[in-house]
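Peer 1: Below is the sequence, then the predicted model.
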Amino acid sequence: MKKFFALSRTTHGVLDLATPGFCALLVLGNFPAWQVILLSIFTAFAAYTAIYALNDLVGIAVDKEKFTGGINAGYSVEASDLRYPLAQNVLSYRSGILWFAVWFIAAGIGSYILNPTIVIILVSATVLEVVYVLLFKVTYLRTFVSGLVKSSGPIAAVFVVDPNPSLSSLLLILAWVFFWEIGGQNVPADWNDTVEDKRVHAKTIPLQLGTQTAGLIVIITLAVTVVASLFLPNVSPLKLGIPYLIASAAAGIYFLLLPGYQLSRQHEGRQAAKLFDSASYYPLAQLAIITVFVLLN
């Protein structure tokens, strides 16, 4: 099973579950029924597992070309000698397809039970993920597509607890996740893979715009993320107040801005990996904070 979990980047996928969990608690202001919680966790896990696997299935040719010299160190949240198992020929393409299909169907069924609208979000995210992979050698603007894909999970979580959310609430949550994904995940990930990406003539922000501009983009997008997080209490029925804002801002400074600043100063690939790792825990910190405030209320 390790090969399949490596295909789906399951360690990172589990961390990703924190973002929809945080958004659901924030919007509802309380814990959903335990049946909803269990089904939501299973559905979100299935969706992340399927879409991460899809990334490698669509990009297998480029991955084989990219890692002809061996797999790089990657990130601690995804560290495994089995990373890119399809490109390394340790997992067959047919097995990968079956793995994706099973989890995608499971995610679709779970989504339909929770709210049929989520099925549309799931399918849209799947299509966008394919577009994102296919743009690898076309344009660095694919980072925007990545932001939309990563925002789909939290947006879906809102529809679990609120069948008719306001457009302003959805746009605020989308912006918060969108900029976090670009500054804390996508650009640092590309930065860490600069040597391999250059070999295959990829179009990424660090390669196309240079590390100076990439560092500036990281700082700006992460700053926008932290500022946006300060407005998130507006979508909650809870009276979160100053203590919540202080805790949320502190998490943003520690997990995003400090490692982002170090990267922009030093321009080293390993600093990019450190930012990626640190930013991966930011949603989990936000989930912990909102959980405490829900319990206190």
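Peer 2: Happy to help now that I have it. Numbering: from 1, shown residues only.

Peer 1: Leaving out the residues flanking it, which one is nearest to N30?
Peer 2: V294 (6.3 Å; C-beta to C-beta, 6 or more residues apart in numbering). Quick note: C-beta positions are derived from backbone N, CA and C, even for glycine.

Peer 1: Now name the helix or strand holding that neighbour.
Peer 2: Secondary structure from DSSP states H and E places V294 in helix 282-296.

Peer 1: pLDDT on that helix, on average?
Peer 2: Average pLDDT, helix 282-296: 96.

Peer 1: Next: stretch 162-180.
Peer 2: Stretch 162-180 comes out with an average pLDDT of 96.

Peer 1: what residues does it touch?
Peer 2: 19, 23, 27-28, 115, 117, 147-148, 150-151, 154-155, 158-159, 221-222, 224-225, 228-229, 231-232, 234-235, 256, 279, 282-283 (C-beta atoms under 8 Å, 6 or more residues apart in numbering).

Peer 1: ditto for stretch 120-135
Peer 2: Contacts of stretch 120-135 (C-beta under 8 Å, 6+ apart): 47, 50-51, 54-55, 58-59, 104, 107-108, 111, 141-142, 145-146, 148-149, 152-153, 155-156, 159, 203.

Peer 1: Quick one: neighbours of the residue nearest to N30, just the number.
Peer 2: When neighbours are counted by other C-beta atoms under 10 Å, V294 registers 17.

Peer 1: Can you give me the distance of it to I121?
Peer 2: Distance, V294 to I121, using C-beta to C-beta, to the nearest Å: 24 Å.

Peer 1: just S236 next, same as before
Peer 2: The value you get for S236 to I121, if C-beta to C-beta is used, is 21 Å.

Peer 1: And R270, by the same measure?
Peer 2: 35 Å.

Peer 1: buried sites along the helix or strand where A175 lies?
Peer 2: Following DSSP H and E, one finds A175 within helix 167-181. Buried residues in helix 167-181, counting neighbours by 16 or more other C-beta atoms under 10 Å, are found at 169-170, 172-181.

Peer 1: ok, now stretch 105-119?
Peer 2: Neighbour count says stretch 105-119 has 106-108, 110-111, 114-115, 117-119 buried, by 16+ other C-beta under 10 Å.

Peer 1: Then stretch 20-37?
Peer 2: Applying 16+ other C-beta under 10 Å to stretch 20-37 flags 20-29, 32, 36 as buried.

Peer 1: and which of these is nearest to L207?
Peer 2: L207 lies nearest to P20 out of those, by C-beta to C-beta, at 31.7 Å.

Peer 1: host element of the closest one?
Peer 2: Here P20 sits within helix 18-28, counting by DSSP H and E.

Peer 1: Quick one: list the elements packing against that helix.
Peer 2: Counting contacts by 3 or more C-beta pairs under 8 Å, 6 or more residues apart in numbering; DSSP states H and E, helix 18-28 packs against helix 34-58, helix 142-161, helix 167-181, helix 282-296.

Peer 1: got the angle between the first one and helix 18-28?
Peer 2: If you take axes from the mean of the first three to the mean of the last three C-alpha atoms, to 10 degrees, helix 34-58 sits at 140 degrees to helix 18-28.

Peer 1: do the last one as well
Peer 2: Here helix 282-296 runs at 30 degrees with respect to helix 18-28, directions being taken by the same axes, to 10 degrees.

Peer 1: quick one, helix 282-296 and helix 167-181 angle?
Peer 2: 140 degrees.
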